[in-house]
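Colleague: what follows is a predicted structure for the sequence shown.
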Amino acid sequence: MFFAFDPYNLLATALFTVLLQATFFTLATIFKTDKFTDITYSVNFVLLALGLWFVADGVSGVDRAFLLAAIIVVWGLRLGSYLLTRILKIKKDDRFDDMREGFVSFLKFWIFQALVVWVAMLPATLAISVPESLQPALGWLDYLGLGLWLFGFIVETVADHQKYVFKNDPANRGEWIQSGLWKYSRHPNYFGETLVWWGVYLIAIPALLATGTAAYWLLPLAALGPICITWILLSVSGIPLLEEKADKRYGERADYQDYKRKTNVFFMWFPSSS
């Protein structure tokens, strides 16, 4: 643990996240750039995972602490490299056009981002912080969680790549992607990301159960992580914003309306025939 009075590293991770986000908020404000906005999100996860694993009690071999840290670092590096490549290509993210010039509105976004990172990390933060002496051996629930994480990671990675290639093909200018995984969901990348974090939660459960009576509050607290990510993507800054943007751009087109009618907005499934 980082502090003796903070056995589950909740305060330490909160302080680090606030400090990191505040630093890059300052840089983004000074230089009026979007290059720090998304990349800071990914970097925050990577640094938290590495820090938690580094101070974990009795880390040795491929244990749960290492497993959780490793999958979050892999996810964060992949997402971060994708977001950095994308922003270097497009130069400016139009999602921030309404808030970039306003100090308060821009600050609210960064505060929200800091909160999301801290909450999303709760399963890993709590599980990695459980002492090694209480950690059960990796079992079926860990492997189920790893399988769910791997499936979600692959879906998110492939979907992001397909969309990036599609958007950078001049022949597709003014069109929306409806091929590849996007044939089975209008937002397969978000579907994959939610699976990633539910997988993390499943891996965390055995460690939290091993704490005895503390599990009564640790388990629901950890569940806030995947619940938060799912809620944000489904109802706040993920799907709603992109759906609104697409409706404004393509809403009058019959083929777009047909795509919306036949294709699930979130869950991946075969297109409807009607």
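Modeller: Nice, thanks for sending it over. Numbering: from 1, shown residues only.
Colleague: let me see the contact set for the closest residue to A28 other than its chain neighbours.
Modeller: Counting by CB to CB, 6 or more residues apart in numbering, F36 is the residue found nearest to A28 once chain neighbours are left out, at 4.4 Å. In this view, the C-beta of every residue, glycine as well, is placed from N, C-alpha and C. F36 makes contact with F24, L27, A28 under the criterion CB atoms under 8 Å, 6 or more residues apart in numbering.
Colleague: now for the nearest residue to N172 once chain neighbours are set aside: which residues touch it?
Modeller: Spatial nearest neighbour of N172, chain neighbours left out: F166 (5.4 Å); criterion: CB to CB, 6+ apart. Contacts were defined as CB under 8 Å, 6+ apart; by that measure F166 touches N172, I177, S179.
Colleague: pretty sure the last one contacts Q162?
Modeller: Yes. Here S179 lies in contact with Q162, judged by CB atoms under 8 Å, at a distance of 7.3 Å.
Colleague: neighbour count for these two, which is higher?
Modeller: For S179 against Q162, the residue with the higher neighbour count under other CB atoms under 10 Å is Q162, and the figures read 18 against 10.
Colleague: can you tell me how far the more buried one is from W176?
Modeller: Counting by CB to CB, to the nearest Å, the separation of Q162 from W176 is 12 Å.
Colleague: so what's the residue nearest the centre of the chain closest to, chain neighbours aside?
Modeller: Within the chain, the residue whose C-alpha comes closest to the C-alpha centroid is E193; the distance, by CA atoms, centre = their mean, is 5.8 Å. The spatial neighbour of E193 that comes closest, neighbours along the chain excluded (CB to CB, 6+ apart), is E156 at 5.2 Å.
Colleague: contacting residues for the one you found?
Modeller: With contacts defined as CB under 8 Å, 6+ apart, the neighbours of E156 are L79, P188, N189, G192, E193, V196.
Colleague: please apply the same query to Q257.
Modeller: Taking CB under 8 Å, 6+ apart as the contact definition, Q257 lies against G251.
Colleague: so which strand or helix has it?
Modeller: In this assignment (DSSP states H and E), Q257 forms part of helix 254-262.
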